[in-house]
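Asks: Give me a model of this one.
(one chain, ligands or ions: 1)
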Amino acid sequence: MADKVREIFDESGQAIEFREGLEGVVAALSMISSIDGEKGILLYRGIPIEELAAHSTFEETTYFLLNSRLPKQQELRDFEQQLKSHRQVPAAVLDLIRSFPANANAMDLLRTTVSGLGLYDPDSQTNTVEKNIERAINLIASFPTIVAAIQRRRSGKEFVAPQQDLSHAANFLYMVNGEAPSEYAAKVLDVALILHADHGFNASTFTARVVISSLSDMYSAISAAVGSLKGPLHGGANSEVMSTLQEIGSLDKVEEYVMNRLATKQKVMGFGHRVYHTYDPRARILSQFSQKLAQQTGNTKWYEMSRKIEEIMRREVGSKGIYPNVDFYSATVYYYMGLDQDLFTPIFAVSRISGWTAHVIEQLQNNRLFRPRAIYPGPKNVPYVPINDR
Ligand SMILES: CC(C)(COP(=O)(O)OP(=O)(O)OC[C@H]1O[C@@H](n2cnc3c(N)ncnc32)[C@H](O)[C@@H]1OP(=O)(O)O)[C@@H](O)C(=O)NCCC(=O)NCCS
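Replies: Residues are numbered from 1 along each chain as shown. Presented below is the predicted three-dimensional model:
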């Protein structure tokens, strides 16, 4: 394995430190979230994620991420109302979704729809804080409507209009399934949305910040972020985890599968993290929900298989700091809730849109264009060979 942090020489012969994948490189100061990867601590604006998961709602957490402080009662009510009033998306955007191929990848559909949504914002090129907060609220409110419509389009069903008297999480489940969810299902999704809302300079958030740093626009930043989240090394891992469980098939085959993956140097999805070298605190919370849902549904197989994978991974690679990440147990949580596997990563986006928009706004407040450098290790002064002589 090549060393991922090493000294190399630049074009002028100067030795410089090269960190593959920008590992450990500080790219900006950010007041939105903080991660202690050794202790397994995640804070949103200073508050531990466990506190928010236990006491907050996605709406309140979103207000907190966007406004840097927790809302007072009336402020929260007003904010919830604002989100509700922006749940409708332009009819032309719904028509756009109807016009897409039904078998397209759900994250590709989301990326293209976000891009399309920007065309209906007459001020999309105005980057004032006020406009971007308005835009953020609109995007956060619209994402569940768009994702639910995409899901229904993919399964050939008519769209379900948003309900004003349901919470953000409950309304999303209502629009996906066409019926109001149980209180418990809405609660589980609400907590999952809180847990996924922000996470420092992860690939998609960094993507959004890089795009806006050229003074582009919010929709360009967010559609690029959706494209980044889609990848299996990032948000796409939650769906891959479910595929893994299905591929393994039964508890007695887990040991062989995991040992074979490790022996052949293949990744086990839902494990490992660039920042955490210990248990991801979000995975701890989600594993409890997975267990509870497994018991409630009476279908404990997937949870038990997950626990077994975790046990073997801890035994084999725990000493290397490889533990379950957020995507590992979210997979079975969503599965037990009856959600389609193709929806897992879009649900991540329904949550992370609040972090992305907060980061776009923060980036613009003290902007400097992101422009790192690459070292060219190839030949120089290569003669141009005319086409007929090649
Ligand atoms: C998240 C992830 C991309 C972080 O990667 P990274 O910081 O670049 O770490 P690397 O891929 O360089 O891995 C470092 C070492 O740990 C091993 N490793 C990391 N994740 C692993 C996993 N999920 N399964 C098995 N081995 C893993 C690598 O094989 C490598 O071993 P080596 O040093 O012997 O070559 C990586 O852990 C991964 O691919 N995980 C699976 C996908 C996933 O769950 N993504 C969601 C992240 S929230």
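Asks: shouldn't Y120 be in contact with V93?
Replies: Yes: contact criterion C-beta atoms under 8 Å: Y120 and V93 qualify, at 6.6 Å. Backbone N, C-alpha and C define where each C-beta goes, glycine included.
Asks: Would you mind pulling up the elements that the longest helix along the chain packs against?
Replies: Assignment by DSSP state H gives helix 129-154 as the longest helix of the chain. Packed against helix 129-154 by the contact rule (3 or more C-beta pairs under 8 Å, 6 or more residues apart in numbering; DSSP states H and E) you find helix 58-67, helix 73-85, helix 91-99, helix 106-118, helix 168-177, helix 218-229, helix 344-365.
Asks: so what secondary structure elements neighbour the second one?
Replies: Just to be clear, that refers to helix 73-85. By 3+ C-beta pairs under 8 Å, 6+ apart, helix 73-85 packs against helix 58-67, helix 129-154.
Asks: List the buried residues in the shortest one.
Replies: Across helix 58-67, burial judged by 16 or more other C-beta atoms under 10 Å covers F58, E59, E60, T61, T62, Y63, F64, L65, L66.
Asks: Provide the contact partners of it at residue level.
Replies: Contacting residues not belonging to helix 58-67 are listed as 32, 44-45, 47, 52, 56, 70-71, 75-76, 79-80, 83, 133, 136-137, 140, 167-169, 190, 193-194, 197-198, 351, 354-355, 357-358, 361 [C-beta atoms under 8 Å, 6 or more residues apart in numbering].
Asks: swap the cut-off to 6 Å and go again
Replies: 52, 70-71, 76, 79-80, 140, 168, 190, 193-194, 197-198, 354, 358 (C-beta atoms under 6 Å, 6 or more residues apart in numbering).
Asks: So which bits of the stretch 101-250 of the chain are right by the ligand?
Replies: L233, H234, A237 (C-beta under 6 Å from any ligand atom).
Asks: just checking, which of these belong to helices?
Replies: A237.
Asks: related to what we said a few turns ago, next, the angle helix 91-99 makes with the longest helix of the chain.
Replies: With axes from the mean of the first three to the mean of the last three C-alpha atoms, to 10 degrees applied, the angle from helix 129-154 to helix 91-99 works out at 30 degrees.
Asks: what's the spacing between helix 129-154 and its chain's center?
Replies: Mean C-alpha position of helix 129-154 versus that of the full chain (C-alpha atoms, centre = their mean, to the nearest Å) differs by 15 Å.
Asks: okay, stretch 309-318 in PDB with CA atoms only?
Replies: The C-alpha coordinates for stretch 309-318 follow below in PDB (Å, rounded to 0.1, in the frame of the first residue of the first chain):
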ATOM      1  CA  ILE A 309     -20.700  -8.500  10.900                       C
ATOM      2  CA  GLU A 310     -19.900  -5.900  13.500                       C
ATOM      3  CA  GLU A 311     -18.500  -8.500  15.900                       C
ATOM      4  CA  ILE A 312     -16.200 -10.000  13.200                       C
ATOM      5  CA  MET A 313     -15.100  -6.600  12.000                       C
ATOM      6  CA  ARG A 314     -14.300  -5.500  15.600                       C
ATOM      7  CA  ARG A 315     -12.300  -8.700  16.100                       C
ATOM      8  CA  GLU A 316     -10.400  -8.500  12.800                       C
ATOM      9  CA  VAL A 317      -9.900  -4.800  12.100                       C
ATOM     10  CA  GLY A 318     -11.100  -3.000  15.300                       C
END
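Asks: residue of this protein with the smallest distance to the ligand?
Replies: Nearest residue of the chain to the ligand: G272, at 2.3 Å (C-beta to the nearest ligand atom).
Asks: low-confidence ranges in the chain?
Replies: 1-2 (pLDDT under 70).
Asks: Domain ranges for it, per the record?
Replies: 55-233+353-365, 237-336 (automatic domain parsing).
Asks: can you redo those as CSV with distance to K380?
Replies: Converted to CSV, the domains of the chain look like this (distance: least, C-beta to C-beta, whole Å):
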stretch, distance to K380
domain 55-233+353-365, 29
domain 237-336, 34
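Asks: right, so of these, which gets closest to A28?
Replies: domain 55-233+353-365 (7.1 Å; C-beta to C-beta).
Asks: quick check, distance from the closest one to the centre of its chain.
Replies: The answer for domain 55-233+353-365 is 11 Å, by C-alpha atoms, centre = their mean.
Asks: Ends of it, what's the gap?
Replies: 30 Å (C-alpha to C-alpha, to the nearest Å).
Asks: ok, L110 - contacts?
Replies: Applying C-beta under 6 Å, 6+ apart, the residues contacting L110 are V226, P346.
Asks: Please report how far it lies from L66.
Replies: According to C-beta to C-beta, to the nearest Å, L110 stands 21 Å off from L66.
Asks: Next: S290.
Replies: 30 Å.
Asks: same thing with E60?
Replies: Taking C-beta to C-beta, one finds E60 at 11 Å from L66.
Asks: Contacts only, for V268.
Replies: V268 is in contact with R261, counting by C-beta under 6 Å, 6+ apart.
Asks: where do the helices sit along the stretch 251-390 of the chain?
Replies: With DSSP state H, counting those that start in this stretch, the ranges of helices along the stretch 251-390 of the chain come out as 254-263, 281-297, 301-317, 326-336, 344-365.
Asks: now those as CSV including distance to E20 and mean neighbour count?
Replies: CSV is the format used below for those (distance: least, C-beta to C-beta, whole Å; neighbours: other C-beta atoms under 10 Å):
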stretch, distance to E20, mean neighbour count
helix 254-263, 22, 15
helix 281-297, 25, 20
helix 301-317, 20, 19
helix 326-336, 22, 27
helix 344-365, 23, 25
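Asks: List just the one of those helices that sits closest to A221.
Replies: A221 lies closest, by C-beta to C-beta, to one member of these: helix 344-365, at 5.1 Å.
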